[in-house]
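**Q** Predicted model follows, preceded by the sequence.
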Amino acid sequence: MSVRRLAEVQPASFAFTKENLEWAQGQIAKYPEGRQASAVIPLLWKAQEQHGGWLPEPAIRTVAEMLGMAYIRVMEVATFYTMFALEPVGKHFVQVCGTTPCLLRGADKLMHVCEKKIGHQKELNEEKSMSWLEVECLGSCSNAPMVQINYDYFEDLDPDSFEKLLDDLVAGRPVKPGPQIERQGSAPAGDKTSLTDSTLYDGSVVGAWKKGFAERVAVKAKEKELAASEAAKPKETSPGEKQAAKPPTDKTKGG
Ligand code: FES
């Protein structure tokens, strides 16, 4: 768990650019009168983007004024979520998940790599191109251990692949977000253990099922047709039934 404190050195002021201000007003307008505070996260996020990836104190104040919120309420939001960086970050900002599933799968070793390649947590490296932070679960536990670098997730890491990833970033070489092993998304690593029948994927199972279905529908239709024609046939009546069908004589009448 990282301690969340405002940076000691802060800019004197903050103002949204014209374009970002228009965008912010559009966000605020999405909410009904009296509910403008609902736009606090998007506005803080935009302020952070504009300010080079971290959120200065004057920006928190600006957002509070724009939304008519108490300053401390916006401060609470900014200090609660680690998606808001409260101190300057490098061009490549590495957030290492240190929650249990990632830790059990070697996140501590990734943090050692960060210390070796970048330096102390929350401090910019010498070139000011990188910084790192331990954060809580980033919601990619099935691909543990993982890190977020700027907007991308890099998953299924080990110390070697992570070191290489950091080297590639520094050297400006292309990197591939997502799993860093042969694995599709969060599908099981290695060979499949279920749904392995190839006919499930070549259409033959669906084809056979469709054919069987059509046959069953045709049989049902035939049965219905036969039943309808049987019902339409005139019924043969027996002599006894004919007698019974004669109307009874009214014995109450005279004659
Ligand atoms: S525990 Fe690391 S992503 Fe969830």
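**A** That came in fine, so what should we check first? The shown structure was predicted, so the numbers you read here are calculated from the model rather than taken from an experiment.

**Q** Now do stretch 149-165: distance from first to last residue.
**A** Terminal residues of stretch 149-165 lie 10 Å apart, using Cα to Cα, to the nearest Å.

**Q** likewise stretch 36-45?
**A** 16 Å.

**Q** How much space separates the most centrally placed residue in the chain from the ligand?
**A** Note on the chain: the residue nearest the mean C-alpha position is residue 139, at 8.7 Å, using Cα atoms, centre = their mean. Separation of residue 139 from the ligand (Cβ to the nearest ligand atom, to the nearest Å): 6 Å. For glycine as for every other residue, the C-beta is placed from the backbone atoms N, C-alpha and C.

**Q** Ramachandran coordinates for that residue?
**A** Dihedral pair for residue 139: phi 80, psi 20, per degrees, to the nearest 10.

**Q** Measure how buried the residue lying closest to residue 174 once chain neighbours are set aside is and give me the count.
**A** Nearest non-adjacent residue to residue 174, counting by Cβ to Cβ, 6 or more residues apart in numbering: residue 168, 7.4 Å away. For residue 168, the count of nearby residues is 13 (other Cβ atoms under 10 Å).

**Q** Could you do residue 13 as well?
**A** Other residues lying near residue 13 total 10 when counted by other Cβ under 10 Å.

**Q** Likewise for the one 4 residues further on?
**A** Close neighbours of residue 17, defined as other Cβ under 10 Å, add up to 10.

**Q** who touches it in this structure?
**A** Residue 17 sits next to residue 50 when contact means Cβ atoms under 8 Å, 6 or more residues apart in numbering.

**Q** Distance of it relative to residue 213?
**A** The gap separating residue 17 from residue 213 is 61 Å, by Cβ to Cβ, to the nearest Å.

**Q** Which residues of this structure lie near the ligand?
**A** By Cβ under 6 Å from any ligand atom, the residues of the chain that approach the ligand are 97, 99, 101-102, 137-141, 144, 146.

**Q** picking up where we left off before, wasn't the residue nearest to residue 174 part of a helix?
**A** Yes - under DSSP: H, G, I helix; E, B strand; the rest coil, residue 168 falls within a helix.

**Q** Looks like it contacts residue 175 (just checking).
**A** Yes - assessed by Cβ atoms under 8 Å, residue 168 is found in contact with residue 175 at 5.1 Å.
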